[in-house]
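1. give me a 3D structure for the following:
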Amino acid sequence: MNRHSPKRRVITRLPRWGRVALVGVTLALLLGLALLAFSPPQTPFNASPSSSKASNGGFAGLGRAAEGFKAARPGEPLTFPTDHGAHPAYRTEWWYLTANLRDEENRPLGLQWTLFRQALAPPGASEGVREAENAAATGTHRGEKTDENTGESKRSSVTNPWISNQLWMAHAAVSQGEQHVVAERLSRGSPPGLKGSAGVRATPFAAWIDDWQMISTAPGTLSSTLPGTIPSTLSSTLSSTLSSPADGLSQLSVTATLDDTTRYRLTLTAEGPLVAHGEAGFSQKAADGQGSYYYSQPFYRVEGEVTLNGIAHRVSGQAWLDREWSSQLLGEAQQGWDWLSLHLTDGSKLMAFRLRGGASLQSRDYVSGSLIDADGDLTPLGPDELSLTPLSESSVAGRRLPTRWRLEVPGQELDLTISARHPKRWMTTRVPYWEGAVTVSDADGQPRGEGYLEMTGY
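-> Numbers count the residues shown, from 1 in each chain. Model prediction:
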């Protein structure tokens, strides 16, 4: 550009504060546009379910085609501690903690801490979104490599702190009785070598967004692999290995401040092994093969402090951590899911989900789950071995949601009723959904446990 051109004179004649403000506004606009990747397309009320869901790629766009990203497939081994970290070759993943707690007066209290990662572009994509956003600041970069944990590009030239193809979103909630406090945070990623406001590190394990943190306090780390050829039911020997105190997830410190009067600080200690769902960690989500890599730590004992309404409470209880990543989690016609994690009174754990909708009107919902005994041995539950049936609905946030369920596993002689502790547990986040604590009873109405229910796409 000619140094005397009108465009250049307009910029250079601005005072310094004006130039700084202009840059700030530009960056804010870029961040806002990028964060739209987290927003599900809106469906007109008069659109048919089959046409509207198929056109927008399923709930929150998780069924959209993922060209350029790696696909989740059976046979890929889970490897620790590497898989505790981020997987930038895949489009979406999360670190998802729910806790069923009691305060000093034995009153139930529910808690959530979740960190999501969403890629704007496949790893190594030096053209397109990131180049368009940042060309004015740094020009075109060539010969990029990608950091294994953060998904950000490694460059031999000058690093621009605003260049990132990763978005991070976090949700936190504290629920007791009528109260349901919800908070959300959003952040762009940062290139390697720069301290970012959000990210995940595999070793030593740490996940964070601003001052919301999930950090390993274990004395060391354990490197182990779940080979893709092992049976779906993990052997007790392997389970014992994965429960070693050296595993990065075996001891955690979890903190979040939701607002001026709501915060928590918890200590989590695993009293059982990590468990891999589905086929040695590959969890199928649709009849045509879409799925994710999915493992959990469902055996946490929790101690800590929760402040609600400005009053601090000592709490204790149990928690469940899910780790999951994929590039196309759903089929395009799937509308959302209903997911349960249950702590049963005999020490066993039960995970179950129902993916609603299919490729055609004749397709039934896809149901799957895992039954985990007190020693950590896992029995996979396929669509023909498990049923989830809504029993009653509640009016929540202007819609009807099933807040009472029947869960049956005939082969294990399980017939359970799942009931929300309180129906008003709507998460008023950028991508809204229902998430709350539940109680479990048997066919005779006797208590059988507690857990958490998540419902999306309603």
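2. wait, a strand at residue 248?
-> No. Residue 248: not assigned to a strand; according to DSSP: H, G, I helix; E, B strand; the rest coil it is coil.
3. what about the nearest residue to it once chain neighbours are set aside, how many neighbours?
-> Excluding the flanking residues, the one nearest residue 248 by C-beta to C-beta, 6 or more residues apart in numbering is residue 205, at 3.7 Å. All C-beta spots, glycine's among them, are computed from the backbone N, C-alpha and C. Here the number of neighbours of residue 205 (other C-beta atoms under 10 Å) works out to 24.
4. wait, what's in contact with residue 205?
-> 81, 84-85, 214-216, 218, 221, 248-249, 252 (C-beta atoms under 8 Å, 6 or more residues apart in numbering).
5. apply 7 Å and report the result again.
-> 81, 84, 216, 248-249 (C-beta atoms under 7 Å, 6 or more residues apart in numbering).
6. neighbouring contacts of the host helix or strand of residue 434?
-> Applying DSSP states H and E as the criterion places residue 434 in strand 433-442. Contacts with strand 433-442, where a contact means C-beta under 7 Å, 6+ apart, come from 100, 108, 110, 112, 173, 175, 342, 344, 396, 401, 415-422, 425-427, 447-456.
7. what about those, which are in helices?
-> Judged by DSSP state H, helices contain none of these.
8. pull out the buried members of those.
-> Neighbour counting over those (16 or more other C-beta atoms under 10 Å) leaves 100, 108, 110, 112, 173, 175, 342, 344, 396, 401, 416-418, 420-422, 425-427, 448-456 as the buried ones.
9. among the residues you listed, which ones are in strands?
-> When DSSP state E is applied, these are split such that 100, 108, 110, 112, 173, 175, 342, 344, 396, 401, 416-418, 420, 426-427, 448-455 fall in strands.
10. after the longest strand seen in the chain, next one along is what?
-> Once the chain is assigned using DSSP E, the strand that runs over the most residues is strand 291-308. Downstream of strand 291-308, the first helix or strand assigned by DSSP H and E is strand 311-326.
11. could you list the low-confidence segments of the stretch 1-150 of the chain?
-> 1-66, 125-150 (pLDDT under 70).
12. re the thing from before, may I have the phi/psi pair for the residue nearest to residue 248?
-> When read as degrees, to the nearest 10, the backbone of residue 205 gives phi -60, psi 130.
13. and the gap between it and residue 272?
-> 18 Å (C-beta to C-beta, to the nearest Å).
14. what do you get for residue 326?
-> Distance from residue 326 to residue 272, by C-beta to C-beta: 25 Å.
15. neighbour count winner among these two?
-> residue 326 (25 against 21).
16. contacting residues for the closest residue to the more buried one other than its chain neighbours?
-> Leaving aside its chain neighbours, residue 326 sits nearest to residue 292 (3.6 Å; criterion: C-beta to C-beta, 6+ apart). Contacts for residue 292 were tallied using C-beta under 7 Å, 6+ apart; they are 72, 283, 285, 324-326, 329.
17. and for residue 404?
-> Taking C-beta under 7 Å, 6+ apart, one finds 391-392, 418-419 in contact with residue 404.
18. so where does it fall, helix or strand?
-> Following DSSP H and E, one finds residue 404 within strand 399-409.
19. and that strand, what's its mean pLDDT?
-> Averaged over strand 399-409, pLDDT sits at 97.
20. partner strands of it, with direction?
-> Take DSSP bridges as the rule and strand 399-409 pairs in its sheet with strand 387-396 (antiparallel), strand 414-420 (antiparallel).
21. next, the buried residues of it.
-> 401-403, 405, 407-409.
22. repeat for stretch 165-181
-> 165-176, 180-181.
23. could I get those residues as a markdown table with distance to residue 354 and pLDDT?
-> Putting the buried residues of stretch 165-181 into a markdown table (distance: C-beta to C-beta, whole Å; pLDDT from 0 to 100) gives the following:
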| residue | distance to residue 354 | pLDDT |
| --- | --- | --- |
| 165 | 33 | 84 |
| 166 | 30 | 90 |
| 167 | 28 | 93 |
| 168 | 28 | 96 |
| 169 | 24 | 96 |
| 170 | 26 | 98 |
| 171 | 22 | 98 |
| 172 | 26 | 98 |
| 173 | 22 | 98 |
| 174 | 27 | 98 |
| 175 | 23 | 98 |
| 176 | 28 | 97 |
| 180 | 24 | 98 |
| 181 | 28 | 98 |
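24. among those residues, which two are most distant?
-> 165 and 176 (39.1 Å; C-beta to C-beta).
25. what's the mean pLDDT across the helix or strand hosting residue 353?
-> Applying DSSP H and E as the criterion places residue 353 in strand 349-356. In this model, strand 349-356 has a mean pLDDT of 95.
26. give me the residues contacting stretch 364-380.
-> Contacts of stretch 364-380 (C-beta under 7 Å, 6+ apart): 232-234, 236, 239, 243, 272-273, 275, 277-278, 283-287, 298, 346-356, 358, 381-383, 386-388, 409, 412.
27. list the buried ones in that stretch?
-> 365-373, 376-380.
28. identify the farthest-apart pair in those residues.
-> 365 and 376, at 28.7 Å, using C-beta to C-beta across the buried residues of stretch 364-380.
29. out of the contacts of residue 205, which is nearest to residue 316?
-> Lowest distance from residue 316 to the contacts of residue 205 (C-beta to C-beta) belongs to residue 249, with 19.5 Å.
30. how about the closest one, nearest residue that isn't a chain neighbour?
-> residue 297 (5.2 Å).
31. on that earlier part again, and the strand holding residue 434, what's buried?
-> 433-440.
32. output that strand as PDB, nothing but the C-alphas.
-> Output of strand 433-442 as PDB, limited to C-alpha atoms (Å, rounded to 0.1, in the frame of the first residue of the first chain):
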ATOM      1  CA  TYR A 433     -29.700 -28.500  28.500                       C
ATOM      2  CA  TRP A 434     -31.000 -30.300  31.600                       C
ATOM      3  CA  GLU A 435     -28.500 -31.600  34.200                       C
ATOM      4  CA  GLY A 436     -29.300 -32.600  37.800                       C
ATOM      5  CA  ALA A 437     -29.000 -35.100  40.600                       C
ATOM      6  CA  VAL A 438     -31.400 -38.100  40.700                       C
ATOM      7  CA  THR A 439     -32.400 -40.800  43.200                       C
ATOM      8  CA  VAL A 440     -32.600 -44.600  42.400                       C
ATOM      9  CA  SER A 441     -35.200 -47.000  43.800                       C
ATOM     10  CA  ASP A 442     -36.100 -50.600  43.000                       C
END
